[in-house]
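**Q** show me how the following folds:
(2 chains)
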There are 2 protein chains.
Amino acid sequence: MSQPYSLTQPCRLSAVPRWDHETDVIVVGFGAAGASAAIEAAESGAAVTLFELASGHGGTSALSGGEIYLGGSGGTPAQRQAGFHDDTEDLYRYLMLAGGPDADEAKVRLYADHSLAHHDWLVAQGVPYKNTFLPQRMLEPETDDCLIWSGSEEAWPFAEQAKPCPRGHTPQWAGWGGGRLLMDVLAARVNALGVAVHLDSRVLALIADEANAVHGVVVRIDGREQFVRARGGVILCAGGFVMNREMVKRHAPHLLRSDDPIGGPGDTGAGIQMGISVGAAAIHMDQAFVSLPFYAPESLIKGVLVNERGQRFINEDCYHGRIGHHILQQMGDRIYLLADSATFQEPAELVRIGIAAAGDSWDEVESDLGLPEGTLSATVEVYNRHARKGEDPLFHKGAKWLTPLDQPPFVALDCRVGYAFYPHFTLGGLDTLPTGQVLTAKREPIRGLYAAGRTACGLPRWGGGYSSGLSLADATFFGRQAGRHAAGGQTDR
Amino acid sequence: MSQPYSLTQPCRLSAVPRWDHETDVIVVGFGAAGASAAIEAAESGAAVTLFELASGHGGTSALSGGEIYLGGSGGTPAQRQAGFHDDTEDLYRYLMLAGGPDADEAKVRLYADHSLAHHDWLVAQGVPYKNTFLPQRMLEPETDDCLIWSGSEEAWPFAEQAKPCPRGHTPQWAGWGGGRLLMDVLAARVNALGVAVHLDSRVLALIADEANAVHGVVVRIDGREQFVRARGGVILCAGGFVMNREMVKRHAPHLLRSDDPIGGPGDTGAGIQMGISVGAAAIHMDQAFVSLPFYAPESLIKGVLVNERGQRFINEDCYHGRIGHHILQQMGDRIYLLADSATFQEPAELVRIGIAAAGDSWDEVESDLGLPEGTLSATVEVYNRHARKGEDPLFHKGAKWLTPLDQPPFVALDCRVGYAFYPHFTLGGLDTLPTGQVLTAKREPIRGLYAAGRTACGLPRWGGGYSSGLSLADATFFGRQAGRHAAGGQTDR
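**A** Residues are numbered from 1 along each chain as shown, chains lettered A, B, ... in the order given. Purely as a prediction, here's the structure:
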C-alpha cells in the first residue's frame, strides 16, 4: 500500500508507534454536531480535542440558515408568544411521521421530551432568538425574526395526526445564513471551555484494537502524522457524503439527476467510511433531502404541480423537501407548476424556474406542452371543481391554498429535473443509539466510537418527511448526547 | 460478550487457537452462487471446502423457477431455433438499462461478452434445456419448455434502446420449480469434483488479520467450533437479507408494506454482515425485486393499472417486477387493474386479486371506487381514444397490447398493497469487482474475501430493471469468476 493510513482501514492499536497526545474525548469535525459534542464533553469534565479539516469552524452548518426544529413541553418562548401551545406528544407524532417507515422511536422520544430544554441550552450558549413569528410560508426569514412554519405541519397527512405548530427557530440574524451566527456562538463556547481545537487537521484513520474497539485517531497536522489517544471515545461529526459523487452513485444514484448538492467541501463521507472500517452499519443510505424551493412567493403554493403526463402527485402545500422527494419518484424529468393570473408571481431567480407554456385556456397550455388532449386539462378541471368547494379529494391540500385556477392567462412553469434548482444532501449514515454509540449490523455498540450529525442516521432519515431545522436539531441535540456519553465513558475503560 | 464469535466481528488471526482444517478455497452457502464458485475453483485445481447451514444443497435458488437470463453472441440454441439473433451489444444495452442509474458497466460488459459461453458451461455441467420457445407472456413455463420473454425486452423504454430478444432460459422440467433441477445438477458436479461439502454447518465469523485480510472462517459443526483456513480466499454466497425483517427495516423499509418475502430461511443477511465486519461496503441496500405477478392470463396485460387517484403510472406490458417497483412509488396502497369484458380473465389465485368494483360504464366504476368524477373515467377515455389508433402517448405501451376498454361490463381488480401478492427479495449487497473481490467504501479489494449471488450487489441492482433470470445469471456467472479468482489467489498468498 502506498498510503499507510486509510479511512477504510483502521490503524491497529498494536501498530501505534507512539502516542503524540492523549485526551479523554476526540471530536472529528467542527460543525454543529462536533461543537455541541465538544461543549457537552468539556462541561462533563472531560479533556476534549477537536480536529477540523478546514481552516476555521463551521462546516456545512455555517452555510445553512441556522434554523433548528424545536418545540414540545407546551412550547418555546417564540411559540408561546405567537399563541401556540406545542404539546410534547404532537411533536413526538410529527417526528415519528417525519422519520418515515423506519423512524427511530428511541431518538424521537428523547428529542420530543427534551426539545424545550435543548432550546434553553442553545440560549444558554448564547444563541440569540428574537422570538418573533412570521406566519408566511418561506424558506428562511430575510429579517432577523425567529419562528416559521418550516415543515409539513399544516399539510396532509401530518396535520391529521399531529396538531400543527410552527417549530423552525432561526437565530436573530438579518438575512439568510444564520448558520454562521449559530456556529460562531457555539465555537466561542468550545474555545471558552478550553477544548483543544486543531484546524487544518486531517484525520486519516481510526485507531482500533483487534476487537474493533476504537482508541483514537491518526491525524495529519502540518504534514506530520500524529497518534492521538482518546480514553473516552472518538465522536465522528464529519458531515454527510453528498459531495462525494462516486459514493452518491453507489447509494443514492437518483440524486445525480441534479447538479446541486448542498454541503461544504468536507461532506465526502469520510466519517461514514471510518465507521465502516471498524464494522459499523450505514443505514438508509439512499435517503436524502431533495428540494424544489418554489416558494416564496407563497401564492405559488396555490398552483398545481403536475408531472410530464399532466398528473398531480402531491398536495402542493406540504414542505418543499417532501415535494422534491416525490418529484424524483415521478417517471420522467418534466415537472410543471401550473398557475393562473391570480396566483402567478415571479419565482425566485435562484430556483431557475422559467415559463414552459402559456395560454388563454388550459387546453391551449396542454397542447403547447405537447400533452395529449384530456390529460392536463382534465387534471385542472377536477382540481378547480373541488377547489371551488374548498376541497381536494385527491391530495387533501389545505383549504387556505385552494383556489380554482380559472383566471386567464394560464401558465405552466418549467421545473424540469436537471435544469431547475434541486438542492440536495444525504440523510443516510452510521446507525447509532440515542447515546451516539455507533452500531454494527446487529446493532451492537462499537466500543469507543460515536457519531452525530449527518455522519449518523438520525431523526431525519426519510426524504418524504424532512423539515427545515431537523438536521441541525439532530446534530446539536445528539451531538450533545454523544459528548456526554463519551465523557462518562472515560471512567469505564 | 456471551457469544465469543460473531458475524459482525471477525475472529482475529492471532486469536485462532488451532487450525482444524486447511483448504484452498472456502465457499459459504450451497445455492447457485456457491455451487458455481465451488465447481470453478475445484476445476482450477484448488482444494475446496463448502459450508452450508441447511441439511441439503439448494438454498433459495432451489425454490426458484431455475430460469437464467442468457443470450448475446448471436444467440443461444434456443434463441436461434426460435428465429432470434441476439446481438451481444443488444444484451449489453439491455443489461445497462436494467442495472439502473448505477449499472455496473464492468460486470455488464463481461457478462454480455460471455453469456453464450456461460450457457454452454451450464449445459456442460448437465443442465438440460429443451430449447423450445413459448411466445406467450408468463411467469414461468408450466411445461418443460425453455425460452420465454422474462423481462421488459419488448416494452418501452427498453425496446427503444436494445433490440428485443427473449432471454429467459428454463431447464427442462415439467411445471414450476426448475430451480430444484438446476441445483441438483450443479450439486452433483460439486460432489463429483471432490469438493468437501459440510451440511448443517453454521459459519459464525470470518477470520481476519489486523489489516482485515481474510484467512478463513470459524464454523460450528456438530456443536463444535472449528477453525478453517483458506489459503486462497473465502467466498460468501450466503444469500440476501429479505428474511431478516429488522435488517430490511433499516435499509428498505418500504418492503415491509408486503408480507411476502421470497427466500429460503438462510436469507438473513449473514454473508453481508460478515463482509461489513471486515470493512466492506454494502451498496444499493434499498433496492429490491418487488412484483405484482398479475399475468398470465396475458390478456390482463391489455388492462390498465391505476393508483388510488385513478391515474396510470406505467406501461402495463413491462415486466411484472418493474411494475411492482413503480407501484411502491405511488402514494397510497390502493392499486387497481382495469379490464373490460373482452380483456378480463380470472387472475391466478396465488396473486390474491379480487374485484373491487364493476359497472356498465367507467363512470360507474369510478363512482363505486369512491373516486371523484372525472378522474378514472378521464384516464380510461384518454387511453381508449389513443388505443383505437394503436398508440399510447403517455406510457408507450406496445401496440399489440393496446385495445380500448370499451366492452361492458367493466371491472376494477383490487391489487391493494398489503393484501394482494407482492413477492419481493433484496438486491443490495456487498460491493464487488467482476472477480468477486469484496470492496471497501473506497473500492479497494479486501484481501481474501469474495462474494457472489445476493450477498453481493451484482447485475440486478435496481428494482425498475429486474427481469426473471437475472439473479441466477449473476449468481452462477459471477460465482464462477469468484471461484476461479480465489483458486488462483492461493499462489500469491
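
**Q** where along the stretch 301-450 of chain A do the strands fall?
**A** All strands of the stretch 301-450 of chain A, identified by DSSP state E, counting those that start in this stretch, fall at A:304-306, A:336-339, A:354-359, A:410-414, A:424-426, A:429-430, A:437-439, A:445-451.

**Q** deepest of these, which one?
**A** strand A:429-430 (a mean of 30; mean count of other Cβ atoms under 10 Å in any protein chain shown). Bear in mind the C-beta positions are built from the backbone N, C-alpha and C, glycine included.

**Q** quick one, what contacts A:His118?
**A** A:Leu70, A:Tyr111, A:Ala473, A:Thr476, A:Phe477, A:Arg480 (Cβ atoms under 8 Å, 6 or more residues apart in numbering or on different chains).

**Q** which non-adjacent residue is nearest the fifth one?
**A** Nearest non-adjacent residue to A:Phe477, counting by Cβ to Cβ, 6 or more residues apart in numbering or on different chains: A:His118, 5.1 Å away.

**Q** which is the next helix or strand following the strand or helix carrying the one you found?
**A** Using DSSP states H and E, A:His118 maps to helix A:105-125. Where DSSP H and E defines the elements, the next helix or strand beyond helix A:105-125 is strand A:147-148.

**Q** got a list of contacts for that following strand?
**A** A:67, A:76, A:78-79, A:82, A:131-134, A:136, A:138, A:140-141, A:166-170, A:468.

**Q** how far away is the nearest residue to A:Gly332 once chain neighbours are set aside from B:Val304?
**A** Taking Cβ to Cβ, 6+ apart, and ignoring the residues beside it in sequence, A:Gly332 has A:Glu308 as its nearest neighbour in space, at 4.1 Å. Distance of A:Glu308 to B:Val304, computed by Cβ to Cβ, to the nearest Å: 18 Å.

**Q** and what of A:Ala487?
**A** A:Ala487 is 62 Å from B:Val304, by Cβ to Cβ.

**Q** what helix or strand is the closest residue to A:Gly194 other than its chain neighbours on?
**A** Spatial nearest neighbour of A:Gly194, excluding adjacent residues (Cβ to Cβ, 6+ apart): A:Ala42 at 6.5 Å. Per DSSP H and E, A:Ala42 falls inside helix A:32-43.

**Q** avg pLDDT for that helix?
**A** Taken as a whole, helix A:32-43 carries a mean pLDDT of 98.

**Q** same thing with stretch A:92-100?
**A** The model assigns stretch A:92-100 a mean pLDDT of 98.

**Q** chain B contacts on the stretch 101-250 of chain A?
**A** Contact residues, the stretch 101-250 of chain A versus chain B (Cβ under 8 Å from any Cβ of the partner chain): A:Pro101, A:Asp102, A:Glu210, A:Ala211, A:Asn212, A:Met247, A:Lys249, A:Arg250.

**Q** ok, now the stretch 301-450 of chain A?
**A** Near chain B, when you scan the stretch 301-450 of chain A using Cβ under 8 Å from any Cβ, you find A:309, A:311-314, A:326, A:329, A:331, A:372-375, A:378, A:381-382, A:385-386, A:393-395, A:431, A:440-442, A:444.

**Q** just the buried subset of the residues you listed, please.
**A** A:309, A:311-314, A:326, A:329, A:331, A:372, A:374-375, A:378, A:381-382, A:386, A:393-395, A:431, A:440-442, A:444 (16 or more other Cβ atoms under 10 Å in any protein chain shown).

**Q** confirm for me that A:Ser361 is in contact with A:Gln407.
**A** No. In this structure, A:Ser361 is not within contact of A:Gln407 by Cβ atoms under 8 Å, at 11.8 Å.

**Q** quick one: contacts of stretch A:303-313?
**A** A:314, A:316, A:323, A:326-327, A:329-339, A:343-344, A:366, A:369, A:371, A:375-380, A:383, A:394-395, A:405, A:413, A:415, B:309, B:311-312, B:331, B:394-395.

**Q** gap between the nearest residue to A:Gln287 once chain neighbours are set aside and chain B?
**A** Closest residue to A:Gln287 apart from its sequence neighbours, by Cβ to Cβ, 6+ apart: A:Leu427 at 4.3 Å. From A:Leu427 over to chain B the distance is 12 Å, taken as Cβ to the nearest Cβ, to the nearest Å.

**Q** ok, of the contacts of A:His118, which one's closest to chain B?
**A** A:Tyr111 (19.2 Å; Cβ to the nearest Cβ).

**Q** since we're on the closest one, how many residues are nearby?
**A** 26 (other Cβ atoms under 10 Å in any protein chain shown).

**Q** who's in contact with it?
**A** Contacts of A:Tyr111 (Cβ under 8 Å, 6+ apart): A:Leu95, A:His118, A:Leu459, A:Ala473, A:Asp474, A:Phe477, A:Phe478.

**Q** could you do A:Leu134 as well?
**A** A:Leu134 touches A:Pro141, A:Thr143, A:Asp145, A:Leu147, A:Ile148, counting by Cβ under 8 Å, 6+ apart.

**Q** next, give phi and psi for the second one.
**A** Torsion angles at A:Thr143 (phi, psi; degrees, to the nearest 10) stand at phi -110, psi -170.

**Q** so what touches stretch A:315-324?
**A** A:139, A:150-152, A:154-156, A:158, A:289-295, A:301-305, A:314, A:392, A:395-398, A:400-401, A:422, A:424, A:463-468.

**Q** straight-line length of that stretch, end to end?
**A** Distance across stretch A:315-324, first residue to last, is 12 Å (Cα to Cα, to the nearest Å).

**Q** now it: buried residues?
**A** Buried, per 16+ other Cβ under 10 Å, within stretch A:315-324: A:Asn315, A:Glu316, A:Asp317, A:Cys318, A:Tyr319, A:His320, A:Gly321, A:Arg322, A:Ile323, A:Gly324.

**Q** so the residue nearest to A:Gln287 makes contact with A:Arg454?
**A** Yes. Between A:Leu427 and A:Arg454 there is a contact under Cβ under 8 Å: 7.3 Å.
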